[in-house]
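Asker: Give me a model of this one.
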Amino acid sequence: MTRLSRQALDRLPNAVKGPNYDPARVTVGIVHLGIGAFHRAHQAAFTDAVLADDPSWGICGVSLRSPDTRDALQPQDGLYTLAVVDGEGSQLQVIGSVVELLCAPEDPEAVLSRMADPATRIVSLTITEKGYCHNPATGALDENHPDIVHDLANPRQARSAIGFIVEALARRAASGVEPFTLLTCDNLPSNGHVLKRVVTRFAELRDPALAALAGTVASPSTMVDRIVPATTDADRSRIAVALGLEDAWPVMTEPFRQWVIEDNFPLGRPAWEKAGALFADDVSVFEMMKLRLLNGSHSTLAYLGYLAGAETVAEAMALPGMEALIEGLMREEVTPTLPPLPGIDLAAYRAELLDRFRNPALRHRTWQIAMDGSQKLPQRLLGTIRDRMKAGAGYDRLALGVAAWMRYARGLDEAGRAIDVRDPHAARITGLAQGIGEPDGIVAALLTMTDVFGPDLSTSEPFRLALVKALTRLLEDGAAATVRSYAP
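Answerer: The predicted structure follows:
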């Protein structure tokens, strides 16, 4: 079968939307670190929609670890299929905004040269929470992180996104080129501020003069929202049949998408508002709403669902009691912690989230959402718990979500089978909890992770007791029975 490429675009079926511009005329204006499925379903799709107005905003996608995305898309001229799926079917579109692909470990110099190029005006990131090499509880740079230690000693051979950013800024300054705008699109509270903090601290450790430079870089905060499951071989086969062309790495997603951005781009930006992005003076209220309602619910659902044998989010939602548990968590425990949200109907937003979670066509694996829990808990669940504690209010469902992570992260499911726990602290968690069978012992051991729980929650007796109660239920009754107890 012929491979998707620019030459093959005229072979697309009428039902498949292609670029409304000539991809060959697009030049790089954005370097994106972390060219994964989410970026290609979200920011790259927003950019694709406005390239006809200004083709100078093409994307150079950089893989910081594996060459897989580069190897899949480079023979396709960066083109890929975006499949928007729901219960009524799918809509296919070929995206052409990614015009260059690089693999940082293979050629860090090529990445740095592209970032230092004056044509690059934005460096955007989707590197997941762990990619910021920071302490999740404080937001500060983890100065002992192996990648940070390496990059300080080897600035021209960077491994971390932070190392690449600071070296590229230094090169631009040496050439008299203005700093690019940093645009983080990861699920971190005040993500732009977090990114600027770790970049500035890294620059200070390299050279105090660089810290002053880093302090001048624009780093707007954003809120991003779109559910994007991992692509399967079955997805590839279906897309190939629909296209009549082979696509090595299509992306599956849902119809819903949202992007809220602080408008601070000294060197300019694409007209993303024409594609539906919302520019706001303060993103934090949108960010907190999404992190706590969507992401907090997603993590709780994923850990409980996985332990109960549900492979996908939709299957987890179908478990007796799960919808009532998640709806109650959002309405009773999360919503009261949110600041005023003018123009937002929170009841309608919660109902929309439940409907999105039920989407049977979107096979979003609970295991995928469960990854990197030690990095996700602080912003998804623990901040909400802190606010509930300050208000003297209950947080039993939130505590159940945290306890489910503890149960999952131990690495054995309810049948005693090994769980493939993907977490930067997986070995540490195993070491802390190994050989402990009692709930209070497990909780006590894992609460020593002050970089996750902070010194306040690590030493809070009410929080400890709530976790012990929830974990006891999970260990004695099992996840499915615990969830079932919430059935109306």
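Asker: what residues go with each domain of this protein?
Answerer: Per the record, the chain has its domains at 9-281, 284-485, by the TED database.
Asker: could you redo the ones you listed as a markdown table and give each row distance to Met1?
Answerer: Every residue, glycine included, has its C-beta placed from N, CA and C. Output for the domains of the chain, formatted as a markdown table (distance: least, C-beta to C-beta, whole Å):
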| stretch | distance to Met1 |
| --- | --- |
| domain 9-281 | 5 |
| domain 284-485 | 24 |
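Asker: So for Arg3, which of those domains sits nearest?
Answerer: Arg3 sits nearest to domain 9-281 of all the domains of the chain, at 5.0 Å, using C-beta to C-beta.
Asker: That closest one: how far from the chain's middle?
Answerer: 12 Å (C-alpha atoms, centre = their mean, to the nearest Å).
Asker: For that domain, what does the pLDDT average out to?
Answerer: Domain 9-281 carries an average pLDDT of 97.
Asker: surely Gly268 meets Arg121?
Answerer: Yes: with contact defined as C-beta atoms under 8 Å, Gly268 and Arg121 form a contacting pair (5.8 Å).
Asker: The two: which is more packed in?
Answerer: Neighbour count, other C-beta atoms under 10 Å: between Gly268 and Arg121, Arg121 has more, with 22 against 13.
Asker: show me the residues around the more buried one that make contact.
Answerer: Gly29, Ile30, Phe180, Thr181, Phe265, Leu267, Gly268, Arg269 (C-beta atoms under 8 Å, 6 or more residues apart in numbering).
Asker: same question, Pro19
Answerer: Leu9, Asp48, Leu51, Val94, Ile95, Gly96.
Asker: can you check Val224 too?
Answerer: Counted by C-beta under 8 Å, 6+ apart, Val224 has contacts Phe38, His42, Gln43, Cys185, Asp186, Asn187, Gln258, Trp259.
Asker: If we use 6 Å, what do you get?
Answerer: By C-beta atoms under 6 Å, 6 or more residues apart in numbering, the contact set of Val224 is His42, Cys185, Trp259.
Asker: looking at this, it is in a strand?
Answerer: Yes: per DSSP: H, G, I helix; E, B strand; the rest coil, Val224 lies within a strand segment.
Asker: Just list whatever residues bridge to it.
Answerer: When bridges are called by DSSP bridges, Val224 pairs up with Trp259.
Asker: Going forward, count from 7.
Answerer: All right, first residue 7 from here; so that's Val230.
Asker: separation between it and Cys139?
Answerer: In this view, Val230 and Cys139 are 20 Å apart by C-beta to C-beta, to the nearest Å.
Asker: Ok, Gly274 next?
Answerer: 29 Å.
Asker: cool, Ser380 as well?
Answerer: Distance check for Ser380 against Cys139: by C-beta to C-beta, it reads 14 Å.
Asker: ok, now Val204?
Answerer: Remark: distance between Val204 and Cys139 (C-beta to C-beta) = 7 Å.
Asker: Residues that sit against both of these two, list them.
Answerer: Contacts common to Val204 and Cys139, judged by C-beta under 6 Å, 6+ apart, are Ile168.
Asker: Neighbour count: the two, which is higher?
Answerer: More crowded of Val204 and Cys139, by other C-beta under 10 Å: Val204, with 27 against 24.
Asker: show me what contacts that one?
Answerer: Tyr138, His140, Leu147, Ile168.
Asker: With Tyr312 instead?
Answerer: Per C-beta under 6 Å, 6+ apart, neighbours of Tyr312: Thr372, Ala376.
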